[in-house]
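Undergrad: Here you go, sequence then predicted model.
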Amino acid sequence: MTATETRSPEAEPTATPVLTFEDVVLGFSGVTALNGVSFTVGPGELFAVIGPNGAGKTSIFNVLSGVYRPQRGTVRFGAQNLIGMSPHAIARLGIARTFQNIELFSNLTVLDNLMLGRHHHHPYGVLAALGWFGKARRNELANRRAVEEIVDFLDLAQWRRLPVGLLPYGVQKRVELGRALASEPKLLLLDEPVAGMNLEETEDMARFILDIRDELDVPMVMVEHDMGLVMDLADRIMVVDFGRAIRTGRPREVATDPDVVRAYLGEEHRVVDRP
Ligand SMILES: Nc1ncnc2c1ncn2[C@@H]1O[C@H](COP(=O)(O)OP(=O)(O)OP(=O)(O)O)[C@@H](O)[C@H]1O
């Protein structure tokens with residue numbers, strides 16, 4: 001089987017994809033990080049990427065967000081080809097990302113960190129603001145309202161005026177998710193959203209991820225090592241191994257696939273009957 005095939009094409013979404021990642025090859029002087037990887041993400045879909053360490057998951061995110069430029073392949077977001085675009089330009093198209101390691105300003109409050117996530121919605125610079133005070137002020141108020149909605153949505157009210165650095169780890173991860181949401185993304189990339197979390201924090205995060213999909217209807221690509229979470233949340237899963245997509249399908253199809261069990265999950269994870 002080649003990397004571009006899946007064995008259950010019926011599992012592909014039928015609606016026009018939001019994102020099409022096609023035959024992407026990415027190498028670094030002798031190391032092939034991605035070797036012809038293809039997948040699509042449909043509207044409102046939660047698409048998970050799993051695989052062992054070094055399989056190529058972060059490389060997929062770095063290609064999607066413009067950090068790496070692949071040697072071959074296409075990446076289309078709607079009608080736009082993302083290859084060759086800067087990370088900033090891609091963010092402006094509406095692709096937002098959370099990081100494995102929290103990337104927030106720890107001395108700033110929750111509200112201020114969320115406001116920074118709105119910076120694409122500040123069309124007025126300092127000089128323009130002097131001349132266009134009315135418009136700039138209305139814009140500022142609209143941004144504050146949007147941020148307060150995110151505070152409510154993610155249950156952050158009790159921490160809103162505290163510096164992020166003082167908050168428990170799980171809450172900081174939630175603020176980071178909020179910062180990404182503040183940009184009103186059309187596609188959200190979640191890089192290990194529950195890494196390092198305890199069970200309660202993981203359950204909270206799982207609920208918020210589902211709310212984002214079901215209430216905000218934002219499609220997501222999620223890289224995550226927590227297999228239980230992936231099996232519970234994802235609409236479809238792609239398994240990567242040594243830079244190749246070895247299987248793409250619905251959670252149960254993937255979990256019971258002999259190649260996946262052999263290559264990645266191991267006998268002890270064979271399935272996955274959760275109440
Ligand atoms: N900037 C780089 N320079 C050289 N090699 C790289 C670079 N980025 C990734 N690689 C290599 O590409 C391969 C895929 O790495 P990648 O980080 O995408 O894997 P991963 O699946 O995200 O792993 P992990 O689960 O450990 O985060 C690895 O062999 C890695 O060493």
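TA: Great, that's in hand. Numbering: from 1, shown residues only.
Undergrad: Show me which residues of the chain sit near the ligand.
TA: Within the chain, the positions near the ligand by Cβ under 6 Å from any ligand atom are 28, 31, 33, 51, 53, 54, 55, 56, 57, 58, 59. From N, CA and C alone the C-beta is placed, and that goes for glycine too.
Undergrad: Which of the residues you listed fall in strands?
TA: Among those, the members found in strands (DSSP state E) are 28, 31, 33.
Undergrad: Filter those residues down to just the buried residues.
TA: Among those, those classed as buried by neighbour count (16 or more other Cβ atoms under 10 Å) are residue 33.
Undergrad: Let me know the distance separating residue 101 from the ligand.
TA: In this view, residue 101 and the ligand are 11 Å apart by Cβ to the nearest ligand atom, to the nearest Å.
Undergrad: just checking, that residue is part of a strand?
TA: No: applying DSSP: H, G, I helix; E, B strand; the rest coil, one finds residue 101 to be coil, outside a strand.
Undergrad: got the contact list for the most centrally placed residue in the chain?
TA: Nearest to the geometric centre of the chain sits residue 189, at 1.4 Å (Cα atoms, centre = their mean). Contacts here follow Cβ atoms under 8 Å, 6 or more residues apart in numbering; on that basis residue 189 touches 61, 64, 65, 95, 96, 97, 98, 220, 221, 222.
Undergrad: cool, and residue 178?
TA: So residue 178 contacts 110, 113, 114, 117, 150, 151, 153, 154, 156 (Cβ under 8 Å, 6+ apart).
Undergrad: same question, residue 82
TA: Applying Cβ under 8 Å, 6+ apart, the residues near residue 82 are 64, 66, 75, 76, 90, 93.
Undergrad: Identify the farthest-apart pair in those.
TA: Longest distance between any two of the contacts of residue 82 is 13.7 Å, between 66 and 76; criterion Cβ to Cβ.
Undergrad: More neighbours: the two, which one.
TA: Each of residue 66 and residue 76 has its neighbours counted (other Cβ atoms under 10 Å); residue 66 has more, 20 against 16.
Undergrad: Regarding the more buried one, what is its secondary structure?
TA: Classified using three-state DSSP, residue 66 is coil.
Undergrad: can I assume it is in contact with residue 93?
TA: No: using Cβ atoms under 8 Å as the test, residue 66 is too far from residue 93 to be in contact (9.8 Å).
Undergrad: what's the burial count for residue 100?
TA: 13.
Undergrad: same thing with residue 84?
TA: A total of 9 residues lie near residue 84 under the criterion other Cβ under 10 Å.
Undergrad: now do residue 182
TA: 23.
Undergrad: Beta-bridge partners for residue 31, please?
TA: Counting by DSSP bridges, residue 31 forms beta bridges with residue 28.
Undergrad: Which strand or helix spans the residue nearest to the centre of the chain?
TA: If you go by DSSP states H and E, residue 189 is part of strand 187-191.
Undergrad: Check which strands are paired with that strand and give the direction for each one.
TA: Counting by DSSP bridges, strand 187-191 is paired with strand 95-98 (parallel), strand 220-223 (parallel).
Undergrad: can these go into JSON lines with extra columns for mean neighbour count and mean pLDDT?
TA: Shown next, in JSON lines, are these (neighbours: other Cβ atoms under 10 Å; pLDDT from 0 to 100):
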{"stretch": "strand 95-98", "mean neighbour count": "23", "mean pLDDT": "93"}
{"stretch": "strand 220-223", "mean neighbour count": "24", "mean pLDDT": "97"}
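Undergrad: of the ones you listed, which approaches residue 47 most closely?
TA: Here strand 220-223 is closest among those (Cβ to Cβ), at 5.1 Å.
Undergrad: coming back round to it: which of the contacts of residue 189 sits closest to residue 230?
TA: Distance to residue 230, by Cβ to Cβ, is smallest for residue 222 among those, at 7.4 Å.
Undergrad: ok, that closest one touching residue 46?
TA: Yes: the pair residue 222 and residue 46 qualifies as a contact (Cβ under 8 Å) at a distance of 6.6 Å.
Undergrad: Show me the common contact partners of the two, please.
TA: What both residue 222 and residue 46 touch, as defined by Cβ under 8 Å, 6+ apart, is the set 209, 233, 234.
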